[in-house]
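> Output the structure for:
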Amino acid sequence: RRRGRAPGGALEPARPIRRARRVSARPPLEGESVAVSGYASLFATPDDARDLVVRGAFRRSLSERGASGIRFLWQHDPARPIGVWDRAFEDARGLRVEGRLLTRTAAGAEAAHLLAGGALDGLSIGFRTRSARRDPTTGVRRVFDIDLWEVSLVTFPLHPGARLDVPGTAAVSPLRAVRS
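Residues are numbered from 1 along each chain as shown. All right, here's what the predicted structure looks like:
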């Protein structure tokens, strides 16, 4: 969102940034991508910041953006996209994502090797909270509506259960590259 100055110097309310046009590009060739999947967020259990995401919190964002509008980043760095999310959906457990690491990029290749070696498997979401309420007794913040911007592959996820599927399976093996 952009903020500007109104006459007199006061900040104007945030306005949404226009959506970029979708660019048509060829899908990766065999050996250029690695299929990955896992849970980016889990419902009903708080993360280490004491946020508890409730089922349905991603519904609006997924409807507005779709999986292709959610960026797949390396360690939350917007300058380092490493892949694309092909599917993102809520199920009974949490926010499930399925996508492809693009291994023709340096960061994507590095991520694929670290995954295959078992060095990391964490997922973390980048978002803006639209609606939440903190319980004054427990300090837990229940998040009801999330504007999801990105899901990152990270070393240390804020929610301990936000992980890619078990390393060493076909889902993360760079030896099993997929044709998209």
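> So which residues make contact with stretch 67-76?
Contact with stretch 67-76 is made by 19, 22, 78, 80-88, 97, 99, 101, 107, 111, 124, 126, 148-155, as judged by Cβ atoms under 8 Å, 6 or more residues apart in numbering. Where C-beta positions appear, they are placed from N, C-alpha and C, glycine not excepted.
> okay, that stretch in CSV with CA atoms only?
The C-alpha coordinates for stretch 67-76 follow below in CSV (Å, rounded to 0.1, in the frame of the first residue of the first chain):
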residue,chain,number,x,y,z
ALA,A,67,-1.8,-19.0,-5.5
SER,A,68,-0.1,-17.2,-8.4
GLY,A,69,-0.4,-13.9,-6.5
ILE,A,70,1.4,-15.2,-3.4
ARG,A,71,5.2,-14.9,-3.8
PHE,A,72,7.6,-17.7,-3.0
LEU,A,73,10.6,-16.1,-1.4
TRP,A,74,13.9,-17.1,0.2
GLN,A,75,14.0,-16.0,3.9
HIS,A,76,11.4,-13.3,3.4
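> List the buried residues of the least confident helix or strand in the chain by mean pLDDT.
Least confident helix or strand, the chain: helix 106-116 with a mean of 92, by mean pLDDT, DSSP states H and E. By neighbour count on 16 or more other Cβ atoms under 10 Å, the buried set for helix 106-116 is 107-109, 111-112, 114-116.
> which residues does residue 151 bridge with?
residue 72, residue 125 (DSSP bridges).
> Listing request: residues of this protein with sub-threshold pLDDT.
Along the chain, segments meeting pLDDT under 70 span 1-31, 166-180.
> Need the residue closest to the centroid of it.
residue 151 (1.2 Å; Cα atoms, centre = their mean).
> residues contacting that residue?
Applying Cβ under 8 Å, 6+ apart, the residues near residue 151 are 40, 70-73, 85, 88, 97, 123-126.
> Just the buried ones from those?
40, 70-73, 85, 88, 97, 123-125.
> What count of nearby residues applies to residue 75?
Using other Cβ atoms under 10 Å, residue 75 has 16 neighbouring residues.
> wait, I meant residue 136
By the measure other Cβ under 10 Å, the count of residues near residue 136 is 6.
> for residue 95, same thing?
Residue 95: 27 surrounding residues under other Cβ under 10 Å.
> Contacts only, for it.
Taking Cβ under 8 Å, 6+ apart, we find residue 95 in contact with 39-42, 53, 58, 88-89, 125, 148.
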